[in-house]
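[1] Sequence first, then the predicted structure, then my questions.
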There are 2 protein chains.
Amino acid sequence: MKSSERPLIFVTNDDGVQAAGIAALIRLAAEFGDVVAVAPNESYSGMSHSITMHRPLFVSKVSQTDGVEVYSCTGTPVDCVKIGFDEILGTRIPDLVLSGINHGSNANVSVIYSGTMGAATEAALYGIPSIGFSLTDHSPAADFTASVHYARQIIGQVLAMPAESLAGLCLNVNIPNIPQDKIRGIRVCRQTRGNWREDFVHRTDPNNRDYYWMSGRFYNFEPEAEDSDEWALREGYVSIVPVQMDLTDYQRLDTLRSYLGE
Amino acid sequence: MKSSERPLIFVTNDDGVQAAGIAALIRLAAEFGDVVAVAPNESYSGMSHSITMHRPLFVSKVSQTDGVEVYSCTGTPVDCVKIGFDEILGTRIPDLVLSGINHGSNANVSVIYSGTMGAATEAALYGIPSIGFSLTDHSPAADFTASVHYARQIIGQVLAMPAESLAGLCLNVNIPNIPQDKIRGIRVCRQTRGNWREDFVHRTDPNNRDYYWMSGRFYNFEPEAEDSDEWALREGYVSIVPVQMDLTDYQRLDTLRSYLGE
């Protein structure tokens, strides 16, 4: 963070530029620094780390007020980070990237499916510290009061961290959907082990074609693990999981070398 | 693997059901067992681990021959795995999931953006061993001869592995785009550190709207690392990286606990 000037904070999300969650996050970010927000023009929930390869992207300025520029982009959250960094920021380098506040949990293995966290991890790949915020309430009219309170605290603590702790930092922050005075505090956690399993809703359209709506739920393989993010949320804590994108399964390397190869 | 019967192999990809790469992989899989293939109806390259939340999915049977069923789905590669497992396989549990053969590399951090590897990792989250195969040649008319040769060897070796080594196994296999007799063998590697940086191509449409085509290249942070997948490919080896989906940055947990919280 450049000590001589206000930090530059880049904001995005996956629910779209019109969502209540990003409006709350932009207002909060403006308390800390200058803000450039680039967000999808519609909902890109569940878009993970996807990028748009087969069609061009359109960008338009939504608003500009003192210290806050907001853009809409026809791409995914990761596209928004890429075009934001390359075309909109130009030579300006952000001090921090914020994504969210997501309408819905991105705890557990949901981090993998999440567009909110796709954008945050993309920023971290560029070496910019990033935080994804998610409230465990899918409602478009969700109440972000407690989320903003804890996000303010966490952003302040992150901006105060020394440079060596900020390099490549990426945080997955989830806020439980309970009143602020019921939240018991913050827990730094690891990603809960489990998976999402689907029960597709099967219907037939007016042309007699079968179609399926995806509908599933999370199976927690370790509901009693007190260092997991699902446990923290269930117990009324804000969960913070530091995230990194080297997917190598290091524990398997030696065994695999004995089975594979010539 | 059930020893009393032919293994059941589930095949998918991200280039679409009509791609040459999946046709080669289906033919190869049929040498080893019964095959059910469910693949996107069009190209879903770069779709990462995304799922389709805002529209229903349509599935249609493309072909059925002795021991090989092929379906087309209007969703992403991960959708294909989910609907394949839940609706098409029904009570049948696959012994192995194969994804690809992708037209283009999924080595290095590309694993994160890859629909091919999104499908493979999704299968592994269900506990099914999976392998994503990619040839480092984007051409629709790519020559898969060498890829099929090495894929055959690797599938055979994986199917022969003991059950305890198969649980949750997910391999990211990349084949260099050189003649088969120039390939020097197989290397089990780790994911190369680096990032993709974009140079957007900026144009103006006939209605005077600006638009941008994404175009980037991979920056290798460690070109001399002999245990990295990019090094192996450059030196003429088939690279195999075991992949896992716990994104927790364990090395940061203790430091973060000292900076964050109340």
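    Here it is on my side, so go on.
[2] where along chain A do the helices fall?
    A:20-32, A:77-83, A:110-113, A:115-125, A:145-159, A:163-166, A:229-234, A:253-259 (DSSP state H).
[3] mind putting these in CSV, mean neighbour count and distance to chain B included?
    For the C-beta atoms, the positions are set from N, CA and C on the backbone; glycine is no exception. Listed next are the helices of chain A as CSV, based on neighbours: other Cβ atoms under 10 Å in any protein chain shown; distance: least, Cβ to the nearest Cβ, whole Å:
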stretch, mean neighbour count, distance to chain B
helix A:20-32, 21, 16
helix A:77-83, 30, 5
helix A:110-113, 26, 5
helix A:115-125, 29, 4
helix A:145-159, 19, 5
helix A:163-166, 12, 6
helix A:229-234, 23, 9
helix A:253-259, 15, 5
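[4] Mind putting these into JSON lines with mean pLDDT?
    Converted to JSON lines, those look like this (pLDDT from 0 to 100):
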{"stretch": "helix A:20-32", "mean pLDDT": "98"}
{"stretch": "helix A:77-83", "mean pLDDT": "97"}
{"stretch": "helix A:110-113", "mean pLDDT": "96"}
{"stretch": "helix A:115-125", "mean pLDDT": "97"}
{"stretch": "helix A:145-159", "mean pLDDT": "98"}
{"stretch": "helix A:163-166", "mean pLDDT": "93"}
{"stretch": "helix A:229-234", "mean pLDDT": "98"}
{"stretch": "helix A:253-259", "mean pLDDT": "94"}
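[5] Would you reformat these as JSON lines and include distance to residue A:195?
    What follows is the helices of chain A, written out as JSON lines (distance: least, Cβ to Cβ, whole Å):
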{"stretch": "helix A:20-32", "distance to residue A:195": "26"}
{"stretch": "helix A:77-83", "distance to residue A:195": "23"}
{"stretch": "helix A:110-113", "distance to residue A:195": "10"}
{"stretch": "helix A:115-125", "distance to residue A:195": "17"}
{"stretch": "helix A:145-159", "distance to residue A:195": "26"}
{"stretch": "helix A:163-166", "distance to residue A:195": "32"}
{"stretch": "helix A:229-234", "distance to residue A:195": "13"}
{"stretch": "helix A:253-259", "distance to residue A:195": "23"}
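[6] and residue B:105, which of those is closest to it?
    Distances from residue B:105 to each of the helices of chain A were compared using Cβ to Cβ; the minimum, 17.0 Å, belongs to helix A:115-125.
[7] Packing partners of that closest one?
    helix A:77-83, strand A:96-103, strand A:130-135, strand A:170-175 (3 or more Cβ pairs under 8 Å, 6 or more residues apart in numbering or on different chains; DSSP states H and E).
[8] Out of the ones you listed, which gets nearest to residue B:105?
    So among the helices and strands packed on helix A:115-125, helix A:77-83 is nearest, using Cβ to Cβ, at 18.3 Å.
[9] Work out the gap between that closest one and the centre of the chain.
    Mean C-alpha position of helix A:77-83 versus that of the full chain (Cα atoms, centre = their mean, to the nearest Å) differs by 13 Å.
[10] wait, which of the helices of chain A is closest to residue B:89?
    Checking these against residue B:89 by Cβ to Cβ gives helix A:110-113 as the closest, at 21.2 Å.
[11] Give me the contact list for that closest one.
    A:46, A:48, A:117, A:172, A:191, A:196, A:218, A:241, A:243, B:49-51, B:78, B:121, B:245, B:247 (Cβ atoms under 8 Å, 6 or more residues apart in numbering or on different chains).
[12] hmm, try it at 7 Å
    A:46, A:48, A:117, A:172, A:191, A:243, B:49, B:51, B:245, B:247 (Cβ atoms under 7 Å, 6 or more residues apart in numbering or on different chains).
[13] Check these against residue A:140 and report the nearest one.
    Ranked by distance to residue A:140 (Cβ to Cβ), the contacts of helix A:110-113 are led by residue A:46 at 15.9 Å.
[14] rewinding a little: among the contacts of helix A:110-113, who's most crowded?
    Of all these, the highest neighbour tally under other Cβ atoms under 10 Å in any protein chain shown goes to residue A:172, namely 31 neighbours.
[15] does that one have beta-bridge partners, and which?
    On the basis of DSSP bridges, residue A:172 is bridged to residue A:132, residue A:241.
[16] Write out the residues of the stretch 51-200 of chain A neighbouring chain B.
    Proximity of the stretch 51-200 of chain A to chain B, by Cβ under 7 Å from any Cβ of the partner chain, involves residues A:51-54, A:56-59, A:82-83, A:86-87, A:109, A:111-113, A:118, A:125-126, A:154, A:157, A:161, A:165, A:185-186, A:188, A:190-191, A:195, A:198, A:200.
[17] Now residue A:68. Nearest residue, chain neighbours left out?
    Closest residue to residue A:68 apart from its sequence neighbours, by Cβ to Cβ, 6 or more residues apart in numbering or on different chains: residue A:35 at 4.6 Å.
[18] what about residue A:251, how many residues close to it?
    Using other Cβ under 10 Å, residue A:251 is surrounded by 9 other residues.
[19] tell me the contacts of residue A:87?
    Applying Cβ under 7 Å, 6+ apart, we find residue A:87 in contact with B:200, B:212.
[20] Need the per-residue pLDDT for it.
    Per-residue pLDDT puts residue A:87 at 94.
[21] For residue A:240, see how far away it is.
    31 Å (Cβ to Cβ, to the nearest Å).
[22] Kindly report the same for residue A:178.
    To residue A:240, residue A:178 is 17 Å away according to Cβ to Cβ.
[23] just residue A:166 next, same as before
    Per Cβ to Cβ, residue A:166 is found 15 Å from residue A:240.
[24] got any ranges where chain A has weak pLDDT?
    Along chain A, the parts satisfying pLDDT under 70 run over A:1-4, A:261-262.
[25] make it 50
    Chain A contains residues with pLDDT under 50 at A:1-3.
[26] My read is that residue A:61 contacts residue A:68, right?
    No: if you go by Cβ atoms under 7 Å, residue A:61 and residue A:68 don't touch, sitting 11.5 Å apart.
[27] Look at the two and report which has more neighbours.
    Legend: neighbour count by other Cβ under 10 Å for residue A:61 and residue A:68, higher for residue A:68 (17 against 11).
[28] Enumerate every residue touching the more buried one.
    Contacts of residue A:68 by Cβ under 7 Å, 6+ apart are A:26, A:30, A:35.
[29] How many neighbouring residues does the last one have?
    Other residues near residue A:35 number 25, with proximity taken as other Cβ under 10 Å.
[30] didn't it look like it was pressed against residue A:11?
    Yes: counting by Cβ under 7 Å, residue A:35 touches residue A:11, with 5.9 Å between them.
[31] which residues are in contact with both of those two?
    A:26, A:29.
[32] ok, residue A:38 - contacts?
    Residue A:38 makes contacts with A:12, A:71, A:73, A:80, A:83-84, A:88, as judged by Cβ under 7 Å, 6+ apart.
[33] So what sits opposite it in the bridge?
    Note on residue A:38: beta-bridge partners by DSSP bridges are residue A:71.
[34] Against chain B, how distant is it?
    Distance, residue A:38 to chain B, by Cβ to the nearest Cβ, to the nearest Å: 12 Å.
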